[in-house]
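Undergrad: Show me the folded form of this:
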Amino acid sequence: MPGGATISFSCVDSSLSSLKNCQSYINTGMDIATRVALDLVESLNDVEEVSNMENVMLEYAAMDRELNHYMRAIEETMKRDKPENIPDLQYLVKEKFTALESKNSDSDLQRNEKYIYFKDQLKQMRKQFCLQSDNNDNEDIEQIDEDIAVTQSQMNFICPITQMEMKKPVRNKVCGHIYEEDAILKIIQARKQQKKKVRCPKIGCSHADVKRSDLVPDEALKRAIDSQNKQSWSTL
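TA: This is a model prediction of the structure:
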């Protein structure tokens with residue numbers, strides 16, 4: 001593109017930083033959508049509204065994918081052998097971005113980490129509160145039918161580390177076991193200082209390398225614990 005305006009790579013770096021900030025806004029939006037959906041299940045079990053929130057999550061996932069592709073296109077373009085200014089940088093980024101977008105599929109959105117968390121928490125919430133799943137939710141209905149017989153009185157709200165009722169439960173994404181957040185983080189920190197791995201504290205679990213990044217808040221279980229405690233206080 002002879003004679004075209006040149007674009008400084010320092011300007012691109014600044015723009016890339018701004019895009020990463022946008023990604024944090026998307027993550028915040030997905031967190032809010034998840035909490036709203038859990039509120040709906042807990043209070044009303046409004047199937048239609050919960051379905052709407054799932055659509056919102058998929059829209060956020062699509063935005064996140066597009067943003068990731070754009071940032072990747074910029075980063076890969078900037079790795080090329082380059083002078084300080086390149087006249088056709090915009091064209092090169094667009095070409096790379098278009099190639100990435102051409103490989104899109106709906107399954108990409110369903111593999112979004114926050115969407116997976118959203119679906120898991122909905123399933124856990126329905127199980128915790130013994131609510132039947134929406135008939136249209138075919139992928140979860142069989143599993144929920146198997147689990148629906150589990151009642152709150154039978155659930156284990158006790159942390160395997162502290163042997164006390166959990167206040168801020170976190171679930172291990174690898175093995176699925178749940179612990180009090182502060183308790184497991186203290187173990188991870190202590191073992192890190194000793195340069196040793198952390199074995200899952202749940203008796204019988206073979207997972208021998210628990211990492212902080214493996215832990216996600218279990219909002220559904222926390223709500224179930226809070227609900228049971230409220231019922232206990234009202235009975236007293």
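Undergrad: Break this structure down into its domains, please.
TA: Split into domains by automatic domain parsing, the chain comes to 1-150, 153-236.
Undergrad: which residues in the chain form helices?
TA: With DSSP state H, the ranges of helices along the chain come out as 9-43, 47-78, 89-101, 106-110, 113-128, 138-147, 181-193, 219-235.
Undergrad: between those, which has the poorest average model confidence?
TA: Mean pLDDT values for the helices of the chain show the minimum at helix 138-147, a mean of 50.
Undergrad: Name the nearest residue to Leu221, sequence neighbours excluded.
TA: Pro169 (4.8 Å; C-beta to C-beta, 6 or more residues apart in numbering). Every residue, glycine included, has its C-beta placed from N, CA and C.
Undergrad: What count of nearby residues applies to the one you found?
TA: 22 (other C-beta atoms under 10 Å).
Undergrad: Glu165 too?
TA: For Glu165, using other C-beta under 10 Å, the count is 14.
Undergrad: swap in Lys103?
TA: Neighbour tally, Lys103, other C-beta under 10 Å: 8.
Undergrad: check contacts around it.
TA: By C-beta atoms under 8 Å, 6 or more residues apart in numbering, the contact set of Lys103 is empty.
Undergrad: From Gln23, how far off is it?
TA: 20 Å (C-beta to C-beta, to the nearest Å).
Undergrad: cool, and Ile158?
TA: 37 Å.
Undergrad: Would you check that Cys175 makes contact with Cys200?
TA: Yes - with contact defined as C-beta atoms under 8 Å, Cys175 counts as touching Cys200 (5.4 Å).
Undergrad: For the two, work out which one has more neighbours and name it.
TA: The neighbour count for Cys175 versus Cys200, taken as other C-beta under 10 Å, is higher for Cys200 (21 against 15).
Undergrad: wait, that one sits on Ala208?
TA: Yes - judged on C-beta under 8 Å, Cys200 makes contact with Ala208 at a distance of 7.4 Å.
Undergrad: So for Cys175 and Cys200, which residues contact both of them?
TA: With C-beta under 8 Å, 6+ apart, Cys175 and Cys200 have common neighbours 206-207.
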